[in-house]
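> I would like to see how this sequence folds:
(chains A, B, C and D)
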Protein chains: 2
Amino acid sequence: MVDDTGLEQMVCFQLYAASRAMTAIYRPALDPHGLTYPQYLALRVLWHRGPTTVRELGKQLDLDSGTLSPLLKRLETAGHVTRTRGTTDERTVVVHLTDSGRSLRETLTDLPRRIACSVDLTEDEFIQLHHLLGRVRGTTSP
Amino acid sequence: MVDDTGLEQMVCFQLYAASRAMTAIYRPALDPHGLTYPQYLALRVLWHRGPTTVRELGKQLDLDSGTLSPLLKRLETAGHVTRTRGTTDERTVVVHLTDSGRSLRETLTDLPRRIACSVDLTEDEFIQLHHLLGRVRGTTSP
DNA sequence: CACAACTAAGTTGCGCGCAACTGGATGCGG
DNA sequence: CCGCATCCAGTTGCGCGCAACTTAGTTGTG
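As a prediction, the model looks like this:
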């Protein structure tokens, strides 16, 4: 099982493959609503925090404006959010949920739970995985 | 720390963010050689297995021809591999390393070790993480 | 106040991922 | 041997990610 590709490499590939596998699990649930997984993540932040600047969305999701600007524009044309210039600082753009965007929260409310059930990990394993991924993120991003 | 976004959701996002963080760590090491992380993974398979069909590469990397065909074409124009039709089965395409592709193996030989050092996890934590990611992959992909 | 340094968002360009499809090769049942 | 389902790569189209750059607005400093 452990071949000569090296354990660390394997971990990195596993990360890469597992991440894609997880978003693949979300896809069939999000597709009917015309949402992608990153769009869903952006909506989650908005559901959680209310009106949010692009910059703050970027901090929460670890994405830059090069990714977020087109993504938010698509969410806007889909009718889920509006984008308005900030009043005090006109450089910023504040993203607001529309009724459509808010209503998605309820229709998708039990999604994470359903996903968790389809992934065969125990509660403890979820916590361990969460902890380890947090450490990877913590030691790599700063 | 655990807010109302739900633990499973957090794990999924952590996976998504950690995967991108890891490939970001590889980037500065691969960039000078004009390689991307997925290209590096494909080369690893070729280093490990020798001449390999596109289909087998897809199985190893969990990618389809829609992703691999252009990737391999770029590796070919970069001079690292050649692609030739299979002799017995002319549907298949066998990917061979060139001298250039083989030489990369030596220049990048200690890369995983260096990456592992820059990620502050213990040996045990690497093993745990590897195991948990394997379980996620195992329970989601089939 | 003037002006440089900085910042926020957007744009461009490129390489993935993945769905949907195409075309050529293979194999298998009749 | 023929026709038809199946399989392998490749192509197309679209949405990320991310680097590099642009534009517009803000802040700080003399």
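> run the angle between the longest helix anywhere in chain A and helix B:7-30 for me.
Looking across chain A with DSSP state H, the single longest helix is helix A:7-30. Helix A:7-30 and helix B:7-30 are oriented at 130 degrees to each other (axes from the mean of the first three to the mean of the last three C-alpha atoms, to 10 degrees).
> show me which residues of helix A:7-30 are buried.
A:7-23, A:25-26, A:29-30 (16 or more other C-beta atoms under 10 Å in any protein chain shown). All C-beta spots, glycine's among them, are computed from the backbone N, C-alpha and C.
> near chain B, from those residues?
Filtering the buried residues of helix A:7-30 for proximity to chain B by C-beta under 8 Å from any C-beta of the partner chain leaves A:7-23, A:25-26.
> so what would you say the end-to-end distance of stretch A:86-98 is?
For stretch A:86-98, the first-to-last residue distance is 17 Å (C-alpha to C-alpha, to the nearest Å).
> buried residues in that stretch?
A:93, A:94, A:95, A:97.
> does any bit of that stretch sit next to chain B?
No: if you take C-beta under 8 Å from any C-beta as the test, stretch A:86-98 misses chain B, and the best it gets is 15.6 Å.
> so is that stretch next to DNA strand C?
Yes: judged by C-beta under 7 Å from any atom of the strand, stretch A:86-98 comes into contact with DNA strand C at A:86, A:89, A:91, A:92, A:93.
> and chain A, split by domain according to the record?
A:8-109, A:110-142 (automatic domain parsing).
> least reliable of these by average pLDDT, please.
In terms of mean pLDDT, the lowest-scoring of these is domain A:110-142 (a mean of 88).
> please identify which helix or strand holds the residue in chain A that DNA strand D sits nearest to.
Residue of chain A nearest DNA strand D, by C-beta to the nearest atom of the strand: residue A:66 (2.7 Å). According to DSSP states H and E, residue A:66 maps onto helix A:65-77.
> which of the residues of stretch A:86-98 next to DNA strand C sit farthest apart?
Across the residues of stretch A:86-98 next to DNA strand C, no pair lies farther apart than A:89 and A:93, at 10.0 Å, counting by C-beta to C-beta.
> as CSV, could you dump the C-alpha coordinates of stretch A:108-127?
C-alpha atoms of stretch A:108-127 as CSV (Å, rounded to 0.1, in the frame of the first residue of the first chain):
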residue,chain,number,x,y,z
LEU,A,108,-30.7,23.4,1.3
THR,A,109,-30.8,23.4,5.1
ASP,A,110,-30.3,19.7,5.7
LEU,A,111,-27.8,19.2,2.9
PRO,A,112,-24.7,18.9,5.1
ARG,A,113,-26.4,16.4,7.3
ARG,A,114,-27.4,14.3,4.3
ILE,A,115,-23.9,14.5,2.9
ALA,A,116,-22.4,13.4,6.2
CYS,A,117,-24.6,10.3,6.2
SER,A,118,-23.4,9.3,2.8
VAL,A,119,-19.8,9.6,4.0
ASP,A,120,-19.1,6.6,6.2
LEU,A,121,-17.1,8.3,9.0
THR,A,122,-17.9,8.3,12.7
GLU,A,123,-18.4,11.5,14.7
ASP,A,124,-14.9,11.1,16.1
GLU,A,125,-13.3,10.6,12.7
PHE,A,126,-15.0,13.8,11.5
ILE,A,127,-13.6,15.7,14.4
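> what's stretch A:46-65 in contact with?
Applying C-beta atoms under 8 Å, 6 or more residues apart in numbering or on different chains, the contact partners of stretch A:46-65 are A:38, A:41-42, A:45, A:68-69, A:72, A:81, A:86, A:92-97, A:101-102, A:105, A:141, B:3-5, B:17, B:20-21.
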